[in-house]
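S.K.: Sequence and predicted model, in that order:
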Amino acid sequence: MTIPSSTYRLQVQRDFTLADAAGLIGYLGDLGVGAVYLSPLLQSTIGSDHGYDTTDVTRVDRDRGGEEGLRNLLTAARAVGLGVVIDIVPNHLGISVPAQNPAWWDVLRLGQASPYAKWFDIDWSRGRIVVPILGDDQNLHIEDGELRYFEHRFPLAPDSWRAGDDPRAVHDRQHYELVHHSRGNAELNYRRFFAVTTLAGVRQEDAEIFDATHTLVRHWIEAGVDGLRIDHPDGLVDPQQYLDRLRALAPEAWITVEKILETGEALPSAWPVAGTTGYDAMREVNGAFVDPDRAAMFTDLYRRLTGDQRTASEHIEAGKRMVVTELLPAEIRRMAALVPEIPDAGAALAEVAVAFDVYRSYLPQGAEHLDRALAMAANRQPRLKPVLNQLRPRLHDHRDELARRMQQLSGATMAKGVEDTAYYRYARFIALNEVGGDPDQFGTRLSEFHKLQRARQEHQPNSMTSLSTHDTKRGEDVRARLAVLSETPDQWASFAKEFLRSTKIRNPAFGYFLAQSLAGTGPIKRDRMHHYAEKAMREAYDGTSWTEPAVAFERSVHDAVDAAYEEPALRASWDELDALITAPGWSNSLGQKLVQLTMPGVPDVYQGTELWENSLVDPDNRRPIDFSTRRDLLRDVRNPPPVDRTGAAKLWITRHALPVRRDHAEWFSSYRPVEAQGPAADHLIGFDRGGAVTLATRLPIGLAKSGGWRDTSIVLSGSYVDALTNHRFAGSVAVAHVLAHFPVALLTTA
């Protein structure tokens, strides 16, 4: 297996094609990257800016550059020694435009007689496929042998119509039923991705379907693609079976899975993969730069200013309960139909999904997670205990369809209820409200951080590590700035009070959430903040929603954003806070970057994050990247730059850390904490990877207030040179001397 030294993630789309990516190969090689890591490339819905809505598994997306573009990129990468990793999406296919998906179009046309009918997880007991597309005006018409609804096109079954037929009557003869969009969550009869009706689940448990949907993937591996990133394996019936088949298809590939691990959860040991895509590592790194001693203070402040007395766990339960009640009743109805002899089965199954503390079990592995969920469900709803006892044997049988669907339901409930709902409602400290994050874990002490890295080195040395992805709720440097707030509670409280006083958001908790977002980004372009605020408040489903926007509530939020930019006193308060946290935010950013680039695992650099990165949730984090500026800085900056607004310092650290990992793998084969001695010892994260020593500053404001490093020192076991400054050190060394230029150092064996 070829393990890349690092990866660089590129979002390939019609405005940044494979040809553009190929044009960056020289830059990435100079940066020290080990492999270019590409977002999904299979044909997706025309105009899709992400590619996770594959429509045709037989070809590379033409707007992204097509097969020729991929061949050229592979050639360019090989020429400079870079590997190539591609993101694949096995769980679902995009069906928002049926005519663009040949398999789905054929199923709509022929129903169960279609050779593609078994591709999709459809409940045919209803008789027709439910398509929730109609608005209040159900104006159907027939044109060019198709059923049309405004711009939406649908096929007609053979011999199902004649010229002059009433369109409604023709519709009633089809293998699908067009219904009002509001009926989808309750009546849908095909499995989908989470609650997205335009993404239809694929039955990868069928070996023929696996082969048919992975023909091009097999070709890529044969053509020299080095690695695969697997999107959302939790949506599959049997991830173990799927990954075993994938490993047989790609025996030497570096395979990682987008598996969200909760705190303390381990990746299933039997999975034939290198590890996860790094959200667990992100949680570990982020926590090391948050002051754990301020947890109680922040809890009290949040409760006083917002009136929200609920815990994170209570918000999570409420969010998941909303999901099973409002978004996923169709899935629960389908499961309840498998046990018609058990009254209240639907309510009990929903309760179990809400009670899961991880995404899912992988029966027969992970039965303890199911047992905890059953016990919690019975504790919360004692009246359902007899029903739960009846369901228990079937839910434990990994061959039972009910058990299989519960594992898929619990994952969807967790994803939508926690990350996409509760994390937008509970706002004690939103730097923790991240994919794979833990809002209850306010900071990580050094001893715990080192314990986690030793375990990572032992169990997942080839797993990916990340700081930013296309799915993160806020970019790495936004979180780095927010971490500074944990050191400045009084100044933060002053701004939060001013923001809540000056604005009239009807939900104080969301106002507090928005105030932190402003602090985290600083004064970015106003329209970006407006777009983010709209998405955040609708995801929260607490005052407004995507399906039923509350005009007055949303106006109050947008007015609050405008006030932050325009109202003099509030803007002055925001600017004062921004000035306070910017420099220590840079220190945190450089620290977490170097730690992530050198800790156990394979570091991924998300596009553009080699400079300061203030993105928010997608689509904000898919904005075009100014690579020309990055190329110029990489070429022109020849001496260690200052830590300033240009971000050149971050690029400098990235371009020196990555080549060290690429050229000296032997220096990264173990893990040993490097503990400082002296009054500021707790402000230094240090570890020795077996020849490369990382040193990074943490809690920089507290460090400055206490008088700086003073006589804090470390003891080096030999002679070292700092890859960032070329300064040499040996023996007992003052930390202040090592970190005189940057708040970080990467010492390598001289």
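M.R.: Good, I have the coordinates.

S.K.: from what I can see residue 128 touches residue 179, true?
M.R.: No: the pair residue 128 / residue 179 is not scored as a contact, 9.9 Å apart, by CB atoms under 8 Å. C-beta here means a position set from N, CA and C on the backbone, and glycine is covered the same way.

S.K.: what's in contact with the lengthiest strand in the chain?
M.R.: Across the chain, the longest stretch assigned as strand under DSSP state E is strand 713-722. With CB atoms under 8 Å, 6 or more residues apart in numbering as the test, strand 713-722 has contacts from 674-678, 684, 686, 688, 693, 695, 727-735, 738, 745-750.

S.K.: Flag every buried residue along the helix or strand that it is followed by.
M.R.: Counting by DSSP states H and E, the next helix or strand C-terminal to strand 713-722 is strand 728-734. Buried residues in strand 728-734, counted by 16 or more other CB atoms under 10 Å: 729, 733-734.

S.K.: Just the mean pLDDT for strand 728-734, thanks.
M.R.: Strand 728-734 shows a mean pLDDT of 97.

S.K.: what packs against it?
M.R.: strand 713-722 (3 or more CB pairs under 8 Å, 6 or more residues apart in numbering; DSSP states H and E).

S.K.: Next, the angle strand 728-734 makes with the strand it packs on.
M.R.: 160 degrees (axes from the mean of the first three to the mean of the last three CA atoms, to 10 degrees).

S.K.: quick one: average confidence on strand 713-722?
M.R.: 96.

S.K.: Grab the nearest non-local neighbour of the most centrally placed residue in the chain.
M.R.: Centroid check for the chain by CA atoms, centre = their mean gives residue 471 as the closest residue, at 3.2 Å. Of all residues not flanking residue 471 in the chain, residue 435 sits nearest, at 5.4 Å (CB to CB, 6 or more residues apart in numbering).

S.K.: Tell me if I'm right that the one you found and residue 277 touch.
M.R.: No: in this structure, residue 435 is not within contact of residue 277 by CB under 8 Å, at 10.0 Å.

S.K.: Spit out the residues that contact those two alike.
M.R.: residue 469.

S.K.: what are the pairing partners of whichever strand or helix holds residue 153, and which direction each?
M.R.: Secondary structure from DSSP H and E places residue 153 in strand 152-155. The strands that strand 152-155 pairs with in its sheet are strand 146-149 (antiparallel) (by DSSP bridges).

S.K.: Now do the strand it pairs with: everything it contacts.
M.R.: 133-134, 138-142, 153-156, 167, 170-171, 174, 178.

S.K.: Any buried residues in it, and which?
M.R.: Those would be 147, 149, for strand 146-149 by 16+ other CB under 10 Å.

S.K.: Likewise for stretch 580-596?
M.R.: Those would be 580-581, 583-596, for stretch 580-596 by 16+ other CB under 10 Å.

S.K.: next one: that stretch to chain centre, how far?
M.R.: 21 Å (CA atoms, centre = their mean, to the nearest Å).

S.K.: repeat for stretch 714-729
M.R.: The mean C-alpha position of stretch 714-729 is separated from the chain mean by 36 Å, CA atoms, centre = their mean.

S.K.: can you list the residues that contact the strand holding residue 153?
M.R.: 97-99, 105-106, 108-109, 131, 133, 146-148, 174, 176, 178.

S.K.: 7 Å instead?
M.R.: 98-99, 105, 108-109, 133, 146-147, 176 (CB atoms under 7 Å, 6 or more residues apart in numbering).

S.K.: Alpha carbons only: can I get the longest strand of the chain in PDB?
M.R.: Extracted as PDB, the C-alpha positions of strand 713-722 are listed here (Å, rounded to 0.1, in the frame of the first residue of the first chain):
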ATOM      1  CA  SER A 713      13.000  25.300  28.900                       C
ATOM      2  CA  ILE A 714      13.100  21.900  27.100                       C
ATOM      3  CA  VAL A 715      15.800  19.300  27.000                       C
ATOM      4  CA  LEU A 716      16.700  18.000  23.500                       C
ATOM      5  CA  SER A 717      18.300  14.600  23.200                       C
ATOM      6  CA  GLY A 718      20.700  15.600  20.400                       C
ATOM      7  CA  SER A 719      21.500  18.400  18.000                       C
ATOM      8  CA  TYR A 720      18.600  19.900  16.000                       C
ATOM      9  CA  VAL A 721      17.900  22.500  13.400                       C
ATOM     10  CA  ASP A 722      14.600  24.400  13.100                       C
END
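
S.K.: quick one: contacts of stretch 696-707?
M.R.: 288-289, 291, 484, 487-488, 584, 587-588, 591, 594-595, 680, 683-685, 739, 743-744.
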